[in-house]
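Visitor: Give me a model of this one.
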Amino acid sequence: MSATPNPERFFLPMVAVMFTLMLAVSLPLALLTSWPTWLTALIGVGVSGLTGPFITRWILERRERVRSRPSPSAGE
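Guide: Predicted structure coming up:
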């Protein structure tokens with residue numbers, strides 16, 4: 001894997017990914033189980049904290065690869 005992207009470009013997408021993951025994990029657990037809310041929130045935060053940076057890096061690297069690809073309309 002390449003080096004970590006510029007921290008200024010990495011922070012906001014990482015917060016967005018981690019928040020989305022936290023909600024995607026903790027809300028279904030809270031609504032579909034009888035577990036305490038603090039436990040489902042703790043599980044959601046743990047999952048998002050462990051996987052969020054990796055998913056963010058993957059998204060940013062894919063975006064960079066797509067942007068660096070030559071455009072098909074540029075001609076041959």
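
Visitor: Spatially central residue for this protein, please.
Guide: When Cα atoms, centre = their mean is applied to the chain, the residue found nearest the centroid is residue 17 (3.2 Å).

Visitor: Now the element after the strand or helix carrying it, going C-ward?
Guide: Here residue 17 sits within helix 7-32, counting by DSSP states H and E. Next helix or strand after helix 7-32 toward the C-terminus (DSSP H and E): helix 37-68.

Visitor: so what secondary structure elements neighbour that next one?
Guide: Under the contact criterion of 3 or more Cβ pairs under 8 Å, 6 or more residues apart in numbering; DSSP states H and E, helix 37-68 touches helix 7-32. For the C-beta atoms, the positions are set from N, CA and C on the backbone; glycine is no exception.

Visitor: Quick check: mean pLDDT of the helix it packs on?
Guide: Helix 7-32 comes out with an average pLDDT of 90.

Visitor: contacting residues around the closest residue to residue 37 other than its chain neighbours?
Guide: Of all residues not flanking residue 37 in the chain, residue 30 sits nearest, at 5.7 Å (Cβ to Cβ, 6 or more residues apart in numbering). Counting by Cβ atoms under 8 Å, 6 or more residues apart in numbering, residue 30 touches 37, 40-41.

Visitor: Please identify, among these, the one with the most neighbours.
Guide: residue 40 (19 neighbours; other Cβ atoms under 10 Å).

Visitor: Test my guess that that residue contacts residue 29.
Guide: Yes - using Cβ atoms under 8 Å, residue 40 is in contact with residue 29, at 4.0 Å.
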